[in-house]
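# 3D model of this:
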Amino acid sequence: MTEKELIQRCLSQDRGAQRLLYDRYKSAMYTLAYRITGDFDEANSALQDTFLSVFRNLSQYRGEATLGAWIKSILVRKAYRNAQLQQQYILMEEIPTDTTAVDWGNDAIEAAHLEKAILSLPEGTRTVFVLAEIEGYTHREIAEMLSVSEGTSKSQLFYAKKRLRVILKRSEI
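Below is the predicted model:
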C-alpha cells in the first residue's frame, strides 16, 4: 500500500490502516523518543501522544515532507514537552564558533557504551545532540522544533560534544 493510500484509508477511519501506519513507524519513533527522554516510560508516553496527535491531525498533513518526517516532528515536540526540557538547558555565555568534527580518537567505541554516554547528558543537551548528530537535523530545524533560538541549539550541541569527550575519556581509563 502506498503512503497516499494509507493516509486516505486512515482518514476514512479504517482501523486496519491505522494499525498499519502505527506498526510502520512505531519502532523508529520509539527509539528517537527514548534517545530524547532517556526514560522508557516517558518514551512510551511520547509515542502514544504522538500517534494520538497524528490520527487527530492527519487531515492537516500537506505532503510537503514524507509522512515519517511529519510524524517525527510531532514526536520531537511531544517528547520535548513531556520531559519539560526547556528548563534543563546548560547555560552558556556565548555561542561557540568551532564547527569542526569531533575527534573521538582512533579507538572504536562500542555502541552500547556510546548510547549510555549520550543518555547521561542533561536532557536538553541530549535532545539537541540526538536531533543534530543522530537524526541529521539542522540547527534551524532543531530551533523550530524545540522553540529555541539557533544559538541555543548550537551551544547545546557544543556542550554535548564537549561533555561526551569527558565521559568517554573517563571510562577508557
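# how about Leu168, nearest residue that isn't a chain neighbour?
The shortest distance from Leu168 to any non-neighbouring residue, by CB to CB, 6 or more residues apart in numbering, is to Ala117 (5.6 Å). C-beta coordinates here come from the backbone N, C-alpha and C atoms, glycine included.
# so the one you found is in which element?
According to DSSP states H and E, Ala117 maps onto helix 111-119.
# for the next helix or strand after that helix, what is the average pLDDT?
Next helix or strand after helix 111-119 toward the C-terminus (DSSP H and E): helix 123-129. Mean pLDDT, helix 123-129: 89.
# now swap in stretch 137-155 and tell me
pLDDT averaged over stretch 137-155 gives 90.
# how far is it from where the chain is centred?
Put simply, stretch 137-155 sits 12 Å off its chain's centre (CA atoms, centre = their mean, to the nearest Å).
# what does stretch 65-81 give?
8 Å.
# same question, stretch 61-79
11 Å.
# go ahead and name everything in contact with that stretch.
3, 6-7, 21, 25, 28-29, 32-33, 36-37, 42-43, 46-47, 49-50, 53-54, 57, 127, 131, 135, 145-146 (CB atoms under 8 Å, 6 or more residues apart in numbering).
# before we move on, the earlier item: isn't the residue nearest to Leu168 up against Val166?
No: using CB atoms under 8 Å, Ala117 is not in contact with Val166, being 9.5 Å away.
# between these two, who's got more neighbours?
Ala117 (18 against 10; other CB atoms under 10 Å).
# okay, the more buried one: pLDDT?
Reported pLDDT for Ala117: 89.
# thinking again about what came up before, buried sites along the helix holding Ala117?
117-118 (16 or more other CB atoms under 10 Å).
# from the contact counts, what lies against it?
helix 123-129, helix 150-172 (3 or more CB pairs under 8 Å, 6 or more residues apart in numbering; DSSP states H and E).
# not counting that helix itself, show me its contacts.
35, 38, 126, 129-130, 164, 167-168, 171.
# now with 10 Å?
Helix 111-119 has contacts (CB atoms under 10 Å, 6 or more residues apart in numbering) with 34-35, 37-39, 104, 109-110, 125-126, 129-130, 133-134, 160, 163-168, 170-172.
# quick one: it to chain centroid distance?
15 Å.
# got the angle between that helix and helix 150-172?
130 degrees (axes from the mean of the first three to the mean of the last three CA atoms, to 10 degrees).
# related to what we said a few turns ago, and the helices and strands packed on helix 111-119, which is most packed in?
With neighbours defined as mean count of other CB atoms under 10 Å, the helices and strands packed on helix 111-119 peak in mean count at helix 123-129, which reaches a mean of 25.
# buried subset of the contacts of stretch 61-79 as a PyMOL selection?
Buried residues among those (16+ other CB under 10 Å), as a PyMOL selection:
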select buried, resi 6+7+21+25+29+32+33+36+37+42+43+46+47+49+50+54+127+131+145+146
